[in-house]
Structure formats: C-alpha cells, structure tokens
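Visitor: Sequence plus predicted model, see below.
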Amino acid sequence: MPALLEPTPAPLHELKPYKSLSNDELSARIEAVRRDFGPKLMILGHHYQQDEVIAHSDLRGDSYQLSQMAAGSKDCRVIVFCGVHFMAETADILANRPEKLAERNGERVTVVLPDMAAGCSMADMAAIDQVEAAWQDLGEVIDTSDLTPVTYINSAASLKAFCGRHGGIVCTSSNAKAVLEWSFKRTKRVFFFPDQHLGRNTALKMGITNDQMPVFDPYEPELGGHTEEAIKNSRVILWKGHCSVHQMFQAAHVHLFRQRYPGIKILVHPECPQEVNDLADISGSTSKIIQTVEAAPPGTKWAIGTELHLVNRLKHEHPEQEIHFLSPVVCMCATMYRIDLAHLCWSLENLAAGRPVNIIEVNPQIATQSLLALERMLEVK
C-alpha cells in the first residue's frame, strides 16, 4: 500500500504527458492506484461530473452528501474530490473536524482536488470582503443583530465561517425552506447568499413577496443599489449571484416543450430563475430530481432543467421514460468539466508516489467557524 507522505519538493509528475493517453490507458492506471490504496482512498464524483470520471467514483452524489459520507468512513485517509473547490473545502472541514481527528489519533484525511481550476462561478460571485462590506453597510440602516446570514453550501469556506461568526447557518437546496424557517424564529430578516434564485424561490413559497426581497449588488456604491426604506422593509436580502448553468433556462423553453410534447412534465432545480420555477411541475434539489425520475412510471415524459451531464445520465439510465434537456442551448458546468481522466490519473499517481498535489486544507480558524454554521444546519429538522 502506498505511504501517505507529506508533500516534498521532489519533481512532480507533469500533467502534460497524461493528456496524450487514451481513456482506456488512463482508466487502467486509475484502477491500479485504487487497488493499491484499497479502502484508504475514496474518490468522490459529483452528479454533474463526466461519465468517464463517475465510472471510477466510490461515491456519487450532491456535494454535501458526498462530504458527509466520506467523513463517516473509518478507513478513509485520502479523499479525491471530483467536484469543485468549495466541495473539497467542505470535505476537509467535515473529515478533519475535532471528533474525527480524535478517532484517528490526530491523523488528518488528505483532500485532493484533481484540478485547482475547478471552481464555481456562483461561489466566486460573493467574495468574503464584499460580504463583510455589505454587512457593515446594512448595519448603518438596520440592526444586524436581528439579521441572520444564510449561505448556500455552494460557497467558499470563508463565507461559511462568516455565518458561523454571526450566528448564521448554511443551507442546501434540499433544506433551504427549513433553514429559512429556523432563521425567522430567531431574527426578523435573512441575508441570503450567494444564489439569489434559490433564496427567492424558497421565500416565495413561504409567502414572502418580491418587494420584500431586495437584491444586494456589491458593485453598487450605496446599499447594494437600494434605498434605506427598501432595506428597512425587507424580509430577505438576496445577493446578486447565480448559477451560470441554471440561469440559462428560460420561460420560453418551458412553453416550447409543452407545445412540442403534450403531457410532458417540467422538472427543474430551484437555482433556475423564478419565471421558470413558477411554470415547472416540480422544482427540487439534484437528489429530488433523480428520485422523482426513478419513481416515475414508464412512459413518463420529462423536460429537465439542470446540468447537462446529469440529464444525459438520467436519460441513459431510464430508457423506459422520455427525457429531454430543458434548453435548445447546451449548458453544462464548465468548471466541473475541467476534471477529466487525465487530471484524475495525474493526481492519483502523484499521491501514490508520495508527492500529493492540489491538497485542499482549510485554515483551522476558518474551518472551526464554518463548522459552527454547518452544525446548525444539521440541527434543523
């Protein structure tokens, strides 16, 4: 079994030669490393990943679900996360939280992201300095002790830590409603970031109206582009951020599919704009989308508004149903797509050689504060 060594200054295997290898050769070399490491290695594959990468994943799922499952493993000592940067951060926070370190006598789980360029455009739309500045600006108009910050799991660890420091909480697309309810029991208002659409669509179903949900634009010089009155009348202050994939879906696409395919059902993610969510038959998290298709009877027709790789995988796995991608325009998670077999093989073989690359290790203080917000989320029923 390969030794798990600290990074050394020794020359690393270069990525470039891996790009010229065939998928079959890359797959064989990936599996060789997996066999050598055995249960000490866990490869996590997010639902939006390419099929070639998913084929080598020990676990497949949503970002938080994957991190939880990997952190719960007693044998795992290395996580290779085929996802994006914030997902690997969450895996590091959960796998190396104090009680887990104690169980392993202080031994850390190493978390690797095969390509450091695999980021998230939504997460990047809310930088910590912008959020801190917005919080200060809001504090000049309203009492921030009566404002709960809520960050979507799709955010940097620094934003989760911000919520931890300010009595806030993390949410997923599955539990956003429960998290908002938890927040409103404690404070009059919620500051929701970075995805405006998830915040808006969730709050609308709770009876909060659009005029009570100003969208804070960090590039506007005064109060995110709003008057003091608008902020004072708010219930949910949304951040001007979005998912570049789900933003692409339009109401016109829904009308088009209903016209072309009578009886078709529209199934979308709540990161889609309000006008799409309002027209959909079902709106739900990635897990809910998958479960809905799995439970549907043969012959059901779907137009699904979420990432292309996932829709195509559902189409392949459920030939008994008629499944369409809810857009005439191809829209996939381009940053997730950066992780391919070449990057996966390169990172694994460096790991096996005792020269791990692309290690994700969250600053201990940030990790502690982030964990506070994550633990509050786990307490929400």
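Guide: Yep, it's here.
Visitor: Can you name the element that comes right after the least confident helix or strand in the chain by mean pLDDT?
Guide: Across the helices and strands of the chain, the lowest-confidence element by mean pLDDT, DSSP states H and E is helix 121-124, at a mean of 68. Counting by DSSP states H and E, the next helix or strand C-terminal to helix 121-124 is helix 128-139.
Visitor: Mind giving me the packing neighbours of that following helix?
Guide: Applying 3 or more Cβ pairs under 8 Å, 6 or more residues apart in numbering; DSSP states H and E, we find helix 128-139 packed against strand 147-152, helix 157-165, strand 189-193, strand 236-239. C-beta here means a position set from N, CA and C on the backbone, and glycine is covered the same way.
Visitor: Dump the ones you listed to CSV, plus mean neighbour count and distance to residue 74.
Guide: Conversion of the helices and strands packed on helix 128-139 to CSV gives the following (neighbours: other Cβ atoms under 10 Å; distance: least, Cβ to Cβ, whole Å):
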stretch, mean neighbour count, distance to residue 74
strand 147-152, 26, 30
helix 157-165, 25, 25
strand 189-193, 27, 35
strand 236-239, 26, 38
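Visitor: Compare the ones you listed and report which one is nearest to residue 380.
Guide: Proximity to residue 380, assessed across the helices and strands packed on helix 128-139 by Cβ to Cβ, is greatest for strand 147-152 (10.9 Å).
Visitor: Identify all contacting residues around that closest one.
Guide: For strand 147-152, the external contacting residues (Cβ atoms under 8 Å, 6 or more residues apart in numbering) are 122, 126, 131, 135, 138, 159-160, 162-163, 166-173, 176, 179-180, 183-184, 186-195, 198-199, 237, 373.
Visitor: returning to what we had before: nearest to residue 17 among the helices and strands packed on helix 128-139 would be which one?
Guide: Closest approach to residue 17 among the helices and strands packed on helix 128-139 is made by helix 157-165 (33.1 Å; Cβ to Cβ).
Visitor: who are the neighbours in contact with residue 30?
Guide: Residues near residue 30 by Cβ under 8 Å, 6+ apart: 56, 341, 344, 345, 348.
Visitor: Touching, the second one and residue 54? I think so.
Guide: No - the pair residue 341 / residue 54 is not scored as a contact, 11.0 Å apart, by Cβ atoms under 8 Å.
Visitor: quick one: which of the two has more around it?
Guide: Using other Cβ atoms under 10 Å, the more surrounded residue of residue 341 and residue 54 is residue 341, with 24 against 17.
Visitor: Closest one of the contacts of residue 30 to residue 287?
Guide: For these, the nearest to residue 287 is residue 56 (21.5 Å; Cβ to Cβ).
Visitor: The closest one: what's it in contact with?
Guide: Residue 56 touches 27, 30, 31, 34, 43, 45, 341, 344, counting by Cβ under 8 Å, 6+ apart.
Visitor: any chance you could map the helices in the stretch 1-150 of the chain?
Guide: 16-19, 23-37, 51-54, 63-71, 85-95, 98-103, 121-124, 128-139 (DSSP state H, counting those that start in this stretch).
Visitor: Which members of the contacts of residue 56 are classed as buried?
Guide: 27, 30, 34, 43, 45, 341, 344 (16 or more other Cβ atoms under 10 Å).
Visitor: For the fifth one, which non-adjacent residue is closest in space?
Guide: Read it as residue 45. Distances taken as Cβ to Cβ, 6 or more residues apart in numbering place residue 57 nearest to residue 45, at 3.0 Å, with adjacent residues excluded.
Visitor: Show the contacting residues for the one you found.
Guide: Taking Cβ under 8 Å, 6+ apart as the test, what residue 57 contacts is 43, 44, 45, 49, 82.
Visitor: same question, residue 270
Guide: When contacts are counted by Cβ under 8 Å, 6+ apart, residue 270 touches 173, 176, 197, 198, 201, 202, 277, 283, 284, 285.
Visitor: Repeat the analysis, applying 6 Å as the threshold.
Guide: Neighbouring residues of residue 270 by Cβ atoms under 6 Å, 6 or more residues apart in numbering: 173, 198, 201, 283.
Visitor: Strands - which of those land there?
Guide: Judged by DSSP state E, strands contain the following of the contacts of residue 270: residue 283.
Visitor: any idea which of the contacts of residue 270 has the most stuff around it?
Guide: Neighbour counts for these, by other Cβ under 10 Å, peak at residue 198, which reaches 28 neighbours.
Visitor: which residues does that one contact?
Guide: For residue 198, the contacting residues are 176, 270, 271, by Cβ under 6 Å, 6+ apart.
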